[in-house]
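Chemist: structure of the sequence below:
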Amino acid sequence: MKSLIYGYGITGKSFERYLIKKNIDFDIYDINISDYSSNKDFSKYKKIYCSPGIPREEFKSLKKTNKVLTDIDIFLKLHSCTKILITGTNGKTTVTSMSHKLFSHFLGKKRVEALGNIGNPVLDNIDEDIDIALIEVSSYQLELSSSISSDIAVLLNVTQDHLDRHSSLEEYKSIKNKVFIQSKLAIREGQSSSSTEKCIYFQEIFKDYDYCFDDLKYEWPLHDVENIKATISILFAYLVLNEEINFYDKPQRKSFIKDCLRILNSYQRLPHRYEILDLKDGVTFINDSKATNVASVLKALESVYDKYGEGKAILICGGDSKGQDFQELTNIPEKLLKKAYIFGIHKDLIAPFLINTDVELVRDMKEAMKRISLDVVKGDVVILSPACASTDMYKDYEERGEEFRSLVGSI
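Modeler: Sure thing, here's the model as predicted:
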(Lines give C-alpha, C1' and ligand atoms only; values in the text may rest on other atoms or scores of the structure.)
Protein backbone atom coordinates (compact mmCIF):
# COMPACT_ATOMS: atom_id res chain seq x y z
CA MET A 1 0.00 0.00 0.00
CA LYS A 2 1.44 3.37 -1.05
CA SER A 3 2.03 6.43 1.08
CA LEU A 4 1.31 10.01 0.04
CA ILE A 5 3.32 13.21 0.26
CA TYR A 6 0.91 16.15 0.58
CA GLY A 7 2.66 19.33 -0.57
CA TYR A 8 5.76 19.52 -2.73
CA GLY A 9 7.65 22.49 -1.34
CA ILE A 10 10.86 22.36 0.70
CA THR A 11 9.39 19.97 3.28
CA GLY A 12 7.65 17.84 0.67
CA LYS A 13 10.87 17.34 -1.23
CA SER A 14 12.61 16.31 1.99
CA PHE A 15 9.84 13.74 2.52
CA GLU A 16 10.56 12.46 -0.99
CA ARG A 17 14.27 11.98 -0.23
CA TYR A 18 13.45 10.33 3.11
CA LEU A 19 10.94 7.86 1.63
CA ILE A 20 13.27 6.95 -1.23
CA LYS A 21 15.97 6.09 1.33
CA LYS A 22 13.43 3.95 3.22
CA ASN A 23 12.29 2.20 0.01
CA ILE A 24 8.71 3.32 0.66
CA ASP A 25 6.50 3.66 -2.42
CA PHE A 26 4.64 6.96 -2.59
CA ASP A 27 2.59 9.39 -4.62
CA ILE A 28 2.73 13.19 -4.47
CA TYR A 29 -0.21 15.57 -4.20
CA ASP A 30 0.21 19.33 -4.55
CA ILE A 31 -2.69 21.62 -5.34
CA ASN A 32 -0.37 24.07 -7.14
CA ILE A 33 1.33 21.55 -9.45
CA SER A 34 -0.90 20.03 -12.11
CA ASP A 35 1.29 16.94 -12.62
CA TYR A 36 0.78 15.98 -8.99
CA SER A 37 -2.87 16.95 -8.53
CA SER A 38 -4.81 14.34 -10.49
CA ASN A 39 -5.74 12.05 -7.60
CA LYS A 40 -7.28 13.33 -4.37
CA ASP A 41 -8.57 10.00 -3.08
CA PHE A 42 -6.65 9.92 0.21
CA SER A 43 -8.40 6.80 1.52
CA LYS A 44 -6.17 4.43 -0.43
CA TYR A 45 -2.92 5.53 1.26
CA LYS A 46 -1.24 3.89 4.24
CA LYS A 47 0.42 7.09 5.53
CA ILE A 48 0.07 10.73 4.57
CA TYR A 49 3.17 12.89 5.01
CA CYS A 50 1.93 16.48 5.41
CA SER A 51 3.84 19.67 4.68
CA PRO A 52 3.13 22.76 6.86
CA GLY A 53 1.34 24.59 4.03
CA ILE A 54 -1.52 22.10 3.77
CA PRO A 55 -4.92 23.86 3.90
CA ARG A 56 -6.19 23.83 7.46
CA GLU A 57 -9.59 22.29 6.83
CA GLU A 58 -8.00 19.59 4.68
CA PHE A 59 -5.63 18.73 7.50
CA LYS A 60 -8.46 18.51 10.05
CA SER A 61 -10.21 16.04 7.80
CA LEU A 62 -7.08 13.97 7.17
CA LYS A 63 -6.11 13.87 10.85
CA LYS A 64 -9.25 11.87 11.66
CA THR A 65 -7.85 9.01 9.57
CA ASN A 66 -4.87 8.57 11.97
CA LYS A 67 -2.61 8.36 8.91
CA VAL A 68 -0.96 11.78 9.13
CA LEU A 69 2.72 12.29 9.93
CA THR A 70 4.84 15.45 9.85
CA ASP A 71 8.59 15.72 9.45
CA ILE A 72 8.86 17.15 12.97
CA ASP A 73 6.96 14.17 14.43
CA ILE A 74 9.29 11.73 12.72
CA PHE A 75 12.52 13.47 13.69
CA LEU A 76 11.57 14.01 17.34
CA LYS A 77 10.60 10.36 17.68
CA LEU A 78 13.47 8.72 15.85
CA HIS A 79 16.59 10.83 16.42
CA SER A 80 18.45 10.36 19.71
CA CYS A 81 20.08 13.83 19.86
CA THR A 82 19.35 16.57 22.37
CA LYS A 83 16.40 18.45 20.87
CA ILE A 84 15.86 22.17 21.43
CA LEU A 85 12.68 23.60 19.90
CA ILE A 86 12.60 27.35 19.24
CA THR A 87 9.45 29.24 18.28
CA GLY A 88 7.89 32.68 18.58
CA THR A 89 6.19 35.25 16.39
CA ASN A 90 9.36 37.26 15.83
CA GLY A 91 13.07 36.51 16.08
CA LYS A 92 13.04 32.72 15.91
CA THR A 93 15.30 32.40 12.84
CA THR A 94 17.78 34.92 14.25
CA VAL A 95 17.82 33.22 17.66
CA THR A 96 18.23 29.77 16.10
CA SER A 97 21.13 31.06 13.98
CA MET A 98 22.76 32.86 16.91
CA SER A 99 22.33 29.79 19.10
CA HIS A 100 24.11 27.66 16.52
CA LYS A 101 27.10 30.00 16.68
CA LEU A 102 27.11 30.09 20.48
CA PHE A 103 26.61 26.35 21.04
CA SER A 104 29.23 25.47 18.43
CA HIS A 105 31.78 27.65 20.22
CA PHE A 106 31.05 26.51 23.79
CA LEU A 107 30.51 22.85 22.92
CA GLY A 108 33.19 22.41 20.27
CA LYS A 109 33.41 18.65 20.68
CA LYS A 110 29.71 18.19 19.97
CA ARG A 111 28.04 18.41 16.57
CA VAL A 112 25.38 21.11 16.64
CA GLU A 113 22.96 21.71 13.76
CA ALA A 114 20.31 24.37 13.13
CA LEU A 115 17.30 22.65 11.53
CA GLY A 116 13.65 23.06 10.64
CA ASN A 117 11.98 26.26 9.55
CA ILE A 118 15.37 27.98 9.28
CA GLY A 119 15.68 26.30 5.86
CA ASN A 120 17.36 22.99 6.71
CA PRO A 121 14.65 20.26 6.73
CA VAL A 122 14.89 17.92 9.71
CA LEU A 123 14.44 14.77 7.62
CA ASP A 124 17.52 15.58 5.56
CA ASN A 125 19.43 15.15 8.83
CA ILE A 126 17.67 12.18 10.38
CA ASP A 127 20.54 9.79 9.67
CA GLU A 128 23.24 12.30 10.59
CA ASP A 129 25.35 11.88 13.74
CA ILE A 130 24.09 15.03 15.50
CA ASP A 131 24.53 15.70 19.21
CA ILE A 132 22.34 18.80 19.55
CA ALA A 133 19.55 19.88 17.18
CA LEU A 134 18.37 23.48 17.38
CA ILE A 135 15.01 23.21 15.62
CA GLU A 136 13.10 26.31 14.56
CA VAL A 137 9.36 25.52 14.46
CA SER A 138 6.58 27.71 13.08
CA SER A 139 2.96 27.84 14.19
CA TYR A 140 2.03 25.89 11.05
CA GLN A 141 4.40 23.07 12.04
CA LEU A 142 3.22 23.07 15.65
CA GLU A 143 -0.42 23.00 14.59
CA LEU A 144 0.08 19.91 12.42
CA SER A 145 2.40 17.98 14.74
CA SER A 146 0.85 15.49 17.12
CA SER A 147 3.90 14.31 19.06
CA ILE A 148 5.86 17.28 20.41
CA SER A 149 8.64 16.36 22.82
CA SER A 150 11.96 18.03 23.53
CA ASP A 151 14.75 18.53 26.00
CA ILE A 152 14.35 22.32 25.92
CA ALA A 153 11.40 24.27 24.49
CA VAL A 154 11.67 28.01 23.83
CA LEU A 155 8.82 30.47 23.24
CA LEU A 156 10.32 33.87 22.46
CA ASN A 157 7.16 35.97 22.15
CA VAL A 158 3.60 35.89 20.85
CA THR A 159 1.97 38.78 19.00
CA GLN A 160 -0.75 38.76 16.34
CA ASP A 161 0.29 37.04 13.13
CA HIS A 162 -1.07 34.50 10.65
CA LEU A 163 -4.64 35.35 11.68
CA ASP A 164 -5.69 34.51 8.13
CA ARG A 165 -4.78 30.92 9.07
CA HIS A 166 -5.61 30.81 12.79
CA SER A 167 -9.10 31.83 13.86
CA SER A 168 -8.02 34.15 16.70
CA LEU A 169 -5.04 35.43 18.64
CA GLU A 170 -6.00 33.13 21.52
CA GLU A 171 -5.92 30.10 19.25
CA TYR A 172 -2.58 31.23 17.82
CA LYS A 173 -1.18 31.53 21.36
CA SER A 174 -2.49 28.07 22.19
CA ILE A 175 -0.76 26.59 19.15
CA LYS A 176 2.53 28.29 20.06
CA ASN A 177 2.29 26.89 23.59
CA LYS A 178 2.18 23.36 22.17
CA VAL A 179 5.97 23.66 22.02
CA PHE A 180 6.05 23.00 25.79
CA ILE A 181 4.31 19.62 25.57
CA GLN A 182 6.65 17.02 27.06
CA SER A 183 9.62 19.38 27.36
CA LYS A 184 12.11 18.75 30.13
CA LEU A 185 12.80 22.47 30.48
CA ALA A 186 10.83 25.47 29.25
CA ILE A 187 12.18 28.93 28.44
CA ARG A 188 9.71 31.81 28.29
CA GLU A 189 9.79 35.57 28.06
CA GLY A 190 8.94 37.55 31.17
CA GLN A 191 9.95 37.22 34.78
CA SER A 192 8.74 35.26 37.78
CA SER A 193 9.37 35.62 41.48
CA SER A 194 11.23 32.33 41.49
CA SER A 195 12.70 30.06 38.86
CA THR A 196 12.29 26.30 38.87
CA GLU A 197 13.97 23.40 37.15
CA LYS A 198 10.96 23.19 34.84
CA CYS A 199 10.85 26.79 33.63
CA ILE A 200 13.40 29.56 33.15
CA TYR A 201 12.40 33.14 32.29
CA PHE A 202 14.64 35.36 30.13
CA GLN A 203 14.47 38.37 32.39
CA GLU A 204 15.07 36.26 35.48
CA ILE A 205 18.52 35.35 34.18
CA PHE A 206 19.57 38.91 33.35
CA LYS A 207 17.76 41.07 35.91
CA ASP A 208 20.98 41.94 37.77
CA TYR A 209 23.18 42.10 34.67
CA ASP A 210 21.48 44.47 32.22
CA TYR A 211 24.54 46.73 32.34
CA CYS A 212 26.47 44.00 30.51
CA PHE A 213 24.37 44.76 27.42
CA ASP A 214 24.72 48.55 27.42
CA ASP A 215 27.43 48.66 24.75
CA LEU A 216 25.34 46.53 22.37
CA LYS A 217 22.73 49.26 22.05
CA TYR A 218 25.09 51.38 19.96
CA GLU A 219 25.53 48.71 17.27
CA TRP A 220 22.44 46.51 17.49
CA PRO A 221 18.72 47.32 17.09
CA LEU A 222 16.83 46.96 20.35
CA HIS A 223 14.96 43.84 19.26
CA ASP A 224 18.25 42.08 18.47
CA VAL A 225 19.49 42.86 21.97
CA GLU A 226 16.46 40.88 23.14
CA ASN A 227 17.34 38.12 20.66
CA ILE A 228 20.85 37.98 22.09
CA LYS A 229 19.45 37.61 25.60
CA ALA A 230 17.20 34.79 24.42
CA THR A 231 20.14 33.07 22.74
CA ILE A 232 22.27 33.23 25.87
CA SER A 233 19.29 31.93 27.87
CA ILE A 234 19.07 28.84 25.69
CA LEU A 235 22.71 27.91 26.16
CA PHE A 236 22.41 28.71 29.87
CA ALA A 237 19.38 26.41 30.11
CA TYR A 238 21.24 23.62 28.34
CA LEU A 239 24.17 23.91 30.75
CA VAL A 240 21.80 24.00 33.75
CA LEU A 241 19.96 20.93 32.47
CA ASN A 242 23.25 19.07 32.10
CA GLU A 243 24.54 20.34 35.48
CA GLU A 244 27.47 22.15 33.87
CA ILE A 245 26.59 25.50 35.42
CA ASN A 246 24.99 26.50 38.72
CA PHE A 247 21.86 28.60 38.21
CA TYR A 248 22.36 30.37 41.55
CA ASP A 249 26.11 31.11 41.27
CA LYS A 250 26.02 34.82 40.33
CA PRO A 251 29.75 35.38 39.69
CA GLN A 252 29.75 32.35 37.40
CA ARG A 253 26.69 33.69 35.59
CA LYS A 254 28.27 37.12 35.05
CA SER A 255 31.41 35.56 33.59
CA PHE A 256 29.27 33.31 31.38
CA ILE A 257 27.25 36.28 30.02
CA LYS A 258 30.42 38.21 29.16
CA ASP A 259 31.92 35.19 27.37
CA CYS A 260 28.73 34.80 25.32
CA LEU A 261 28.67 38.48 24.36
CA ARG A 262 32.28 38.29 23.23
CA ILE A 263 31.42 35.39 20.91
CA LEU A 264 28.23 36.95 19.54
CA ASN A 265 29.99 40.23 18.86
CA SER A 266 31.15 38.77 15.53
CA TYR A 267 27.72 37.45 14.55
CA GLN A 268 26.58 38.67 11.12
CA ARG A 269 22.90 39.63 11.11
CA LEU A 270 20.75 37.78 8.60
CA PRO A 271 19.58 39.55 5.42
CA HIS A 272 16.29 41.45 5.35
CA ARG A 273 16.18 41.81 9.14
CA TYR A 274 16.90 45.44 10.04
CA GLU A 275 19.72 45.25 7.52
CA ILE A 276 21.49 48.60 7.18
CA LEU A 277 22.19 48.77 3.46
CA ASP A 278 23.85 52.08 2.84
CA LEU A 279 24.51 55.66 3.89
CA LYS A 280 24.06 57.95 0.88
CA ASP A 281 24.52 61.70 1.22
CA GLY A 282 23.80 61.39 4.91
CA VAL A 283 20.65 59.27 4.41
CA THR A 284 20.47 55.79 5.98
CA PHE A 285 18.60 52.97 4.22
CA ILE A 286 17.40 49.94 6.22
CA ASN A 287 15.98 46.74 4.71
CA ASP A 288 13.58 45.17 7.21
CA SER A 289 11.51 43.20 4.69
CA LYS A 290 11.15 40.27 7.12
CA ALA A 291 9.03 42.49 9.39
CA THR A 292 5.75 40.92 8.33
CA ASN A 293 3.61 41.86 11.34
CA VAL A 294 2.75 44.97 13.31
CA ALA A 295 4.81 44.11 16.40
CA SER A 296 8.01 43.72 14.38
CA VAL A 297 7.51 47.13 12.74
CA LEU A 298 6.97 48.81 16.11
CA LYS A 299 10.22 47.26 17.34
CA ALA A 300 12.09 48.43 14.25
CA LEU A 301 10.80 52.00 14.58
CA GLU A 302 11.70 51.99 18.26
CA SER A 303 15.26 51.09 17.27
CA VAL A 304 15.37 53.87 14.65
CA TYR A 305 14.18 56.39 17.23
CA ASP A 306 16.66 55.14 19.83
CA LYS A 307 19.65 55.57 17.48
CA TYR A 308 18.69 58.44 15.17
CA GLY A 309 16.18 60.51 17.14
CA GLU A 310 12.65 61.71 16.44
CA GLY A 311 11.29 62.75 13.08
CA LYS A 312 13.95 60.95 11.06
CA ALA A 313 12.17 57.77 9.95
CA ILE A 314 10.52 57.48 6.54
CA LEU A 315 8.55 54.24 6.57
CA ILE A 316 7.69 52.10 3.55
CA CYS A 317 5.08 49.49 4.40
CA GLY A 318 2.14 47.48 3.11
CA GLY A 319 1.21 44.19 1.47
CA ASP A 320 -1.06 41.32 2.53
CA SER A 321 -2.42 41.99 6.03
CA LYS A 322 -2.77 38.27 6.96
CA GLY A 323 -5.91 39.22 8.89
CA GLN A 324 -4.09 41.52 11.33
CA ASP A 325 -5.67 44.36 13.25
CA PHE A 326 -3.51 47.45 12.67
CA GLN A 327 -4.82 49.30 15.73
CA GLU A 328 -1.43 49.05 17.43
CA LEU A 329 0.04 51.38 14.82
CA THR A 330 -1.80 54.22 16.56
CA ASN A 331 0.74 53.75 19.38
CA ILE A 332 3.56 55.14 17.25
CA PRO A 333 4.47 58.36 19.09
CA GLU A 334 3.86 61.69 17.48
CA LYS A 335 6.95 63.02 15.64
CA LEU A 336 8.67 59.61 15.57
CA LEU A 337 7.85 59.20 11.87
CA LYS A 338 8.58 61.85 9.29
CA LYS A 339 6.34 60.22 6.68
CA ALA A 340 4.90 56.84 5.63
CA TYR A 341 4.45 55.47 2.11
CA ILE A 342 2.03 52.54 1.84
CA PHE A 343 1.58 50.14 -1.09
CA GLY A 344 0.06 46.71 -1.61
CA ILE A 345 -3.33 45.05 -1.61
CA HIS A 346 -4.30 46.20 1.89
CA LYS A 347 -2.83 49.71 1.90
CA ASP A 348 -6.27 51.20 2.55
CA LEU A 349 -6.59 49.12 5.74
CA ILE A 350 -3.30 50.41 7.15
CA ALA A 351 -3.45 54.12 6.37
CA PRO A 352 -6.18 55.12 8.90
CA PHE A 353 -4.07 53.87 11.81
CA LEU A 354 -0.96 55.94 11.05
CA ILE A 355 -2.53 58.92 12.75
CA ASN A 356 0.61 60.74 13.87
CA THR A 357 2.33 61.22 10.53
CA ASP A 358 1.81 62.20 6.91
CA VAL A 359 0.73 59.23 4.80
CA GLU A 360 0.92 58.74 1.05
CA LEU A 361 -0.59 55.78 -0.80
CA VAL A 362 1.51 54.63 -3.75
CA ARG A 363 1.21 52.03 -6.50
CA ASP A 364 4.31 50.05 -5.56
CA MET A 365 7.72 50.28 -3.91
CA LYS A 366 9.30 51.76 -7.01
CA GLU A 367 6.92 54.72 -6.87
CA ALA A 368 7.55 55.12 -3.13
CA MET A 369 11.32 55.27 -3.65
CA LYS A 370 10.97 57.69 -6.55
CA ARG A 371 9.02 60.13 -4.39
CA ILE A 372 11.32 59.66 -1.41
CA SER A 373 14.39 60.41 -3.53
CA LEU A 374 12.95 63.85 -4.33
CA ASP A 375 12.25 64.83 -0.72
CA VAL A 376 14.81 63.04 1.44
CA VAL A 377 17.41 65.14 3.30
CA LYS A 378 20.57 64.47 5.24
CA GLY A 379 19.87 62.70 8.53
CA ASP A 380 16.74 60.89 7.32
CA VAL A 381 16.34 57.12 7.74
CA VAL A 382 14.41 55.28 5.02
CA ILE A 383 13.21 51.92 6.30
CA LEU A 384 11.31 49.19 4.49
CA SER A 385 9.39 47.53 7.33
CA PRO A 386 6.17 46.31 5.73
CA ALA A 387 4.05 44.97 8.65
CA CYS A 388 2.56 42.62 6.04
CA ALA A 389 3.25 39.50 4.04
CA SER A 390 4.72 39.98 0.57
CA THR A 391 2.68 37.44 -1.36
CA ASP A 392 0.29 39.95 -2.95
CA MET A 393 3.13 41.33 -5.12
CA TYR A 394 6.23 39.17 -4.59
CA LYS A 395 7.33 35.55 -4.35
CA ASP A 396 8.40 36.10 -0.74
CA TYR A 397 9.87 38.67 1.66
CA GLU A 398 13.34 38.03 0.23
CA GLU A 399 12.31 39.10 -3.27
CA ARG A 400 10.70 42.21 -1.77
CA GLY A 401 13.87 43.01 0.16
CA GLU A 402 16.03 42.49 -2.92
CA GLU A 403 13.92 44.94 -4.90
CA PHE A 404 14.40 47.52 -2.13
CA ARG A 405 18.15 46.85 -2.21
CA SER A 406 18.20 47.36 -5.97
CA LEU A 407 16.21 50.61 -5.74
CA VAL A 408 18.53 51.96 -3.06
CA GLY A 409 21.47 51.18 -5.32
CA SER A 410 19.96 53.15 -8.17
CA ILE A 411 19.36 56.36 -6.18
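Chemist: how long is stretch 243-257 from one end to the other?
Modeler: 17 Å (Cα to Cα, to the nearest Å).
Chemist: tell me the buried residues in that stretch?
Modeler: Going by neighbour count (16 or more other Cβ atoms under 10 Å), the buried part of stretch 243-257 is Ile245, Phe247, Arg253, Phe256, Ile257. (Each C-beta comes from the backbone N, C-alpha and C, glycine too.)
Chemist: quick one: that stretch to chain centroid distance?
Modeler: 29 Å (Cα atoms, centre = their mean, to the nearest Å).
Chemist: what's the mean pLDDT across the lengthiest helix in the chain?
Modeler: Counting by DSSP state H, the longest helix found in the chain is helix 222-241. Taken as a whole, helix 222-241 has a mean pLDDT of 95.
Chemist: elements contacting whichever helix or strand comes after that helix?
Modeler: Downstream of helix 222-241, the first helix or strand assigned by DSSP states H and E is helix 250-264. In this structure, helix 250-264 packs against helix 92-106, helix 222-241, with contacts taken as 3 or more Cβ pairs under 8 Å, 6 or more residues apart in numbering; DSSP states H and E.
Chemist: ok, the residue lying closest to Ser138 once chain neighbours are set aside - contacts?
Modeler: In space, not counting the residues next to it along the chain, Ser138 is nearest to Asn117; the distance is 4.8 Å by Cβ to Cβ, 6 or more residues apart in numbering. By Cβ atoms under 8 Å, 6 or more residues apart in numbering, the contact set of Asn117 is Lys92, Thr93, Glu136, Val137, Ser138, Gln141.
Chemist: give me the distance between the last one and Leu264.
Modeler: By that I understand Gln141. Taking Cβ to Cβ, to the nearest Å as the measure, Gln141 falls 26 Å from Leu264.
Chemist: which one of those two has more residues nearby?
Modeler: Gln141 (26 against 20; other Cβ atoms under 10 Å).
Chemist: please tell me I have it right and the more buried one contacts Leu115.
Modeler: No. Using Cβ atoms under 8 Å, Gln141 is not in contact with Leu115; the gap is 11.5 Å.
Chemist: pLDDT at the nearest residue to Ile314 once chain neighbours are set aside, what is it?
Modeler: Nearest residue to Ile314, sequence neighbours excluded (Cβ to Cβ, 6+ apart): Val382, at 4.8 Å. Here, the pLDDT recorded for Val382 equals 98.
Chemist: got the residue ranges for the strands in the stretch 201-350 of the chain?
Modeler: Using DSSP state E, counting those that start in this stretch, the strands of the stretch 201-350 of the chain run over 275-280, 283-287, 313-317, 337-342.
Chemist: ok, the second one: who's next to it in the sheet?
Modeler: So the one you mean is strand 283-287. Strand 283-287 has the following strand partners under DSSP bridges: strand 275-280 (antiparallel), strand 381-384 (parallel).
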